[in-house]
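# Return atomic coordinates for the entry below.
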Amino acid sequence: MSMTSNAADYLFDRRRLRRKLLFWRTAGFLLLTLIIVGFALMATSSRSAGTFVPHIARIRISGLITGDEKTLKLIRDVGASSASGVIVDIDSPGGTTVGSERVYDALRAVAEKKPMVAEIRTLGASGAYIAALGADHIVAYGNSLVGSIGVLFEFPNVSKLLDTVGVSVEKIKSSPLKAEPDGFTPTSDAARAAINALVADSYAWFKGLVQQRRGMSDEELAAVDDGRVFTGRQSLPLKLIDQIGTEKDSIAWLESKGVAKNLPVRDWKPDSDRVFGLLGMATALAETLDARTLTQVLKGLAAADAAHSSEGLQAIWLGAPE
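This next block holds a predicted model:
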């Protein structure tokens with residue numbers, strides 16, 4: 001009877017321990033998730049209200065520039081924040097003409113309120129150079145590729161292939177230039193002329209923007225507006241950039257414009273990237289919890305919380321290196 005009683009007590013204690021472990025694991029997961037989501041929401045609300053402590057904001061412009069709303073909102077949020085100055089970190093071959101124009105306009109709106117410097121890393125070509133023009137000072141490395149002032153309109157034409165396989169595309173149009181070029185028939189002279197007019201108009205706008213923002217004469221503009229890219233060293237005497245340097249030089253320029261010395265540089269990212277990244281981290285942490293480490297983790301989170309509370313047409317360069 002004694003052995004049976006001891007075995008029953010042992011099983012009962014085991015079940016009770018399992019229930020406790022399950023409870024603490026569940027509580028730990030929920031608490032971690034709530035705290036980390038809270039951090040994300042506080043960061044989001046702080047950014048929107050502009051209540052960050054003074055700092056230098058870094059905005060990254062990379063990949064294909066489309067002028068998407070997420071990027072534009074990020075730029076607007078920086079403008080409404082307590083950032084004292086802005087570094088626009090550029091590494092892009094360009095993008096759509098309209099997208100690049102939208103990014104330029106958004107950056108200019110912020111630059112009217114805060115000192116802004118563009119820093120070109122590997123590549124700042126075509127539409128990316130349009131974005132760089134939004135800043136009042138452009139810094140590049142000696143081997144950065146800069147420029148590619150021009151506009152591109154390209155489309156596939158498979159009319160010869162269709163002739164080879166014996167396929168034709170019939171169409172009825174309200175006027176000769178409707179939906180031209182379509183890629184299924186040889187492009188007419190009139191269609192080419194219409195497309196050329198579009199390209200010429202956007203190209204004239206691009207050149208005018210470069211000339212205005214970089215203070216170039218007609219002769220100086222003509223030396224750089226043929227679509228080529230230039231190294232940073234070549235770009236400096238051509239007036240495409242203001243300085244060969246690094247982020248240290250970008251910060252020094254901002255400080256020369258009244259930004260306080262030794263401010264931290266903070267990367268600004270879209271809100272959705274921050275929230276989902278933090279949620280992923282919460283899940284990973286919760287999966288490793290056990291009863292012995294839970295208390296230590298919660299203490300660490302409490303300390304972290306305390307620390308936190310204190311604080312169309314394309315303007316694109318197609319020769320981008322891999």
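
# Which residue ranges of this protein form strands?
For the chain, the strands defined by DSSP state E occupy 55-65, 83-96, 116-125, 137-140, 145-147, 229-231, 243-244, 265-268, 314-316.

# Could you tell me the least trusted of these?
For the strands of the chain, mean pLDDT drops lowest on strand 314-316, to a mean of 58.

# ok so, going back, is it possible to get a markdown table of the strands of the chain that adds distance to Leu30 and mean neighbour count?
Backbone N, C-alpha and C define where each C-beta goes, glycine included. Listed next are the strands of the chain as a markdown table, based on distance: least, C-beta to C-beta, whole Å; neighbours: other C-beta atoms under 10 Å:
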| stretch | distance to Leu30 | mean neighbour count |
| --- | --- | --- |
| strand 55-65 | 33 | 20 |
| strand 83-96 | 34 | 24 |
| strand 116-125 | 42 | 26 |
| strand 137-140 | 47 | 26 |
| strand 145-147 | 50 | 26 |
| strand 229-231 | 53 | 20 |
| strand 243-244 | 52 | 17 |
| strand 265-268 | 29 | 15 |
| strand 314-316 | 47 | 26 |
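
# got TSV for those, with distance to Ala131 too?
As requested, those are exported to TSV (distance: least, C-beta to C-beta, whole Å):
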stretch	distance to Ala131
strand 55-65	5
strand 83-96	6
strand 116-125	7
strand 137-140	10
strand 145-147	12
strand 229-231	15
strand 243-244	18
strand 265-268	15
strand 314-316	10
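
# and of those, who's closest to Leu198?
Leu198 lies closest to strand 314-316 among the strands of the chain, at 11.6 Å (C-beta to C-beta).

# So which of the strands of the chain is nearest Leu177?
Of all the strands of the chain, strand 314-316 sits nearest to Leu177, with 20.9 Å by C-beta to C-beta.

# partners of Val229 in the sheet?
Taking DSSP bridges as the rule, Val229 bridges to Gly147.

# I figured it was touching Val146, is that so?
Yes. Under the criterion of C-beta atoms under 8 Å, Val229 makes contact with Val146 at 6.4 Å.

# Identify the contacts common to the two.
Common contacts of Val229 and Val146 (C-beta atoms under 8 Å, 6 or more residues apart in numbering): Ala125.

# Point out where this structure drops to low pLDDT.
1-25, 27-29, 33-52, 155, 162, 180, 271-322 (pLDDT under 70).

# quick revisit: of the strands of the chain, which is nearest Glu170?
Closest approach to Glu170 among the strands of the chain is made by strand 314-316 (30.2 Å; C-beta to C-beta).

# This completes my enquiry, with thanks.
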